[in-house]
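S.K.: sharing a model prediction with you, sequence too.
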Amino acid sequence: MINKLFVFGVAVAAWTAAHAAAAEKLPNIVIIFTDDQGYADVGKFGAEGFKTPNLDRMADQGAVFRNFHVAQPVCSASRAALLTGCYPNRIGIHGALGPKTKVGISDQETTLAQLLKSRGYATAMFGKWHLGDSPQFMPLRHGFDEYFGLPMSCDYWPGHPDLITNMPATTAAIKREYPNLPIYDGEKKFREEMSIDDLNHLTTWYAERAVKFIDRNKSHPFFLYVAHSMPHVPLGVSDKFRGKTERGLYGDVIEEIDWSVGQILDALKRNGLDDDTLVIFTSDNGPWLCYGNHAGSAKPLREGKGSNWEGGTREPCVMRWPGHISAGADTWDMLMTIDLFPTIARLAGAELPKRQLDGLDVWPIISRQPGAKNPHAGYWFYYDVNNLEAVTSGDGRWKLQLPHSYQTLAGKPSGRDGLPVPYAHRKIEKAELYDLVNDISESRDVSDAHPEIMKQLAAEVEKARQELGDGLTKQPGSARREPGRLTETKPKN
């Protein structure tokens, strides 16, 4: 009898321990972030001339988010927001950081990698960083255990087919000062100078590194951030995808990115991690339209990269986590990359940093909980050096475009085969209101018909200007923080 009771007690203890461990099991997090991919450049979003079967499969097994935005329509600022949960101008990151920049992400800010490391996660980043190219700004100093990729965009490189004689003077000067673009493996250079052949292998290399990382870390939680260099110009694609699509080189590049997504999904399945892993796919900003057939499509949205019209900030987004995100869900609820940080913190049971965040936990929306509503009163859209250009209501229906200048092709033919055409510039003279539910293309100003909405969004504008300032109205803002600044070290004698 005593032996039976002992065996029963051991069994109960084992069962309790196993279920407690299961309850404490932390989800793996995978974020796949492409570069300059348009809203319509995924099958479920209307892709033409190429196919994305792996992303479509991911969508069928998860959810499509049709009103998902980045915080700014440009590289560095967009990435800063994703990794910190803050508007990038709050933390001193503006635009696209150039080579040998004196500023970068501050070590006073907490990145998503650092947040998850506090919960015991293994962390890795493969791809484009673009938050400062000096050692103190690079990924291994900001929470990542592993890193392989480029410090910035491919076009900071003389291999770019756009000749210096055809470039703006400032861009030409940058290229003369910075004659090569290295590839890093950790903090060491994998390549001192990237070649055309290397450019064509980037997508495959990132995928291979990602799969190996998953295989090595299948027994404990991990955070994997794959920030593809493509489809930013100059376009590069491996021989296995070159010439495969009706859309030409751009379509070939997207199909290789889709293949890389499939490699990651297959690695999760092979390791029995499907039900334990949240996978998020999106892009850093809209298509660089002046490059024409080497750029994507934002249909039916207005404009693209470098503007705060919908084509610049609304991105294709797919999320999958079997058992937690409803398969086949299709939502128009508005979300932004700043919301991922606090949402993932909740899922990982991590304590939020003491410094102010801008994102809010939106897990009820992502998981399709009944009655879930966006917790934001509004979202703020900045560009350039702290210029407030637009605000939206938190539910994503109403958008107020403030007076500002913006770039546009203005109906002109776009570039061809890697050579861009110059943009024209237009100016919004007075605030314009758009109903994005009934006019997703932002074609009809309805400000005169909705004075109450104008008043509501004007209050959001004032709040943004008080906190973060506005370069257009010369307001400094009271809650902006300094970026990281390059620490000069004296050489040893």
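M.R.: Sure thing, it's come through.

S.K.: now do the same for the spatially most central residue of the chain: its pLDDT.
M.R.: The residue lying closest to the centre of the chain (Cα atoms, centre = their mean) is residue 284, at 3.9 Å. Listed pLDDT for residue 284 reads 98.

S.K.: so it is in contact with residue 75, correct?
M.R.: Yes: using Cβ atoms under 8 Å, residue 284 makes contact with residue 75 at a distance of 6.0 Å. Quick note: C-beta positions are derived from backbone N, CA and C, even for glycine.

S.K.: shared neighbours of those two, anything?
M.R.: Common contacts of residue 284 and residue 75, defined by Cβ atoms under 8 Å, 6 or more residues apart in numbering, comprise residue 35.

S.K.: buried stuff in stretch 453-472?
M.R.: 453-454, 456-457, 460-461, 464-465, 467-472 (16 or more other Cβ atoms under 10 Å).

S.K.: state the number of residues packed around residue 25.
M.R.: 11 (other Cβ atoms under 10 Å).

S.K.: actually residue 105, not the one I wrote
M.R.: Neighbour number of residue 105 under other Cβ under 10 Å is 29.

S.K.: tell me the SS of the residue nearest to the residue nearest to the centre of the chain when sequence neighbours are not counted?
M.R.: Closest residue to residue 284 apart from its sequence neighbours, by Cβ to Cβ, 6 or more residues apart in numbering: residue 78 at 4.2 Å. Of the three states, residue 78 takes helix under DSSP: H, G, I helix; E, B strand; the rest coil.

S.K.: got the contact list for residue 461?
M.R.: Counted by Cβ under 8 Å, 6+ apart, residue 461 has contacts 388, 391, 400, 402.

S.K.: so it, which state does it fall into?
M.R.: Using three-state DSSP, the structure places residue 461 in helix.

S.K.: quick check: it vs residue 396, distance?
M.R.: Between residue 461 and residue 396 the computed distance is 17 Å (Cβ to Cβ, to the nearest Å).

S.K.: try residue 36
M.R.: 23 Å.

S.K.: ok, residue 101 next?
M.R.: 34 Å.

S.K.: residue 36 and residue 396: which is more packed in?
M.R.: residue 36 (27 against 23).

S.K.: returning to that earlier point: residue contacts, the residue nearest to the centre of the chain?
M.R.: 33-36, 70, 75, 78-79, 82, 227, 315.

S.K.: how about low-confidence regions in the chain?
M.R.: For the chain, the stretches flagged by pLDDT under 70 are 1-24, 158-179, 488-493.

S.K.: domain ranges for it?
M.R.: 26-374, 379-484 (automatic domain parsing).

S.K.: most tightly surrounded among these?
M.R.: domain 26-374 (a mean of 21; mean count of other Cβ atoms under 10 Å).

S.K.: so the residue nearest to residue 284 touches residue 72, yeah?
M.R.: Yes: at 5.5 Å, residue 78 counts as touching residue 72 under the criterion of Cβ under 8 Å.

S.K.: overlap of the contact sets of those two?
M.R.: 88, 285.

S.K.: ok, which stretches of the stretch 51-200 of the chain are strands?
M.R.: 63-69, 103-104, 122-127, 146-149, 183-185, 188-191 (DSSP state E, counting those that start in this stretch).

S.K.: closest one to residue 352 among those?
M.R.: strand 122-127 (17.7 Å; Cβ to Cβ).

S.K.: got the contact list for that closest one?
M.R.: Under Cβ under 8 Å, 6+ apart, the answer for strand 122-127 is 33, 113, 116-117, 139, 143-150, 202, 205-206, 209-210, 213, 217, 220-229.

S.K.: repeat that for stretch 40-53.
M.R.: 39, 55-56, 59, 64, 66, 231, 245-248, 250-252, 254-255, 258, 262, 287, 296-300, 316, 318.
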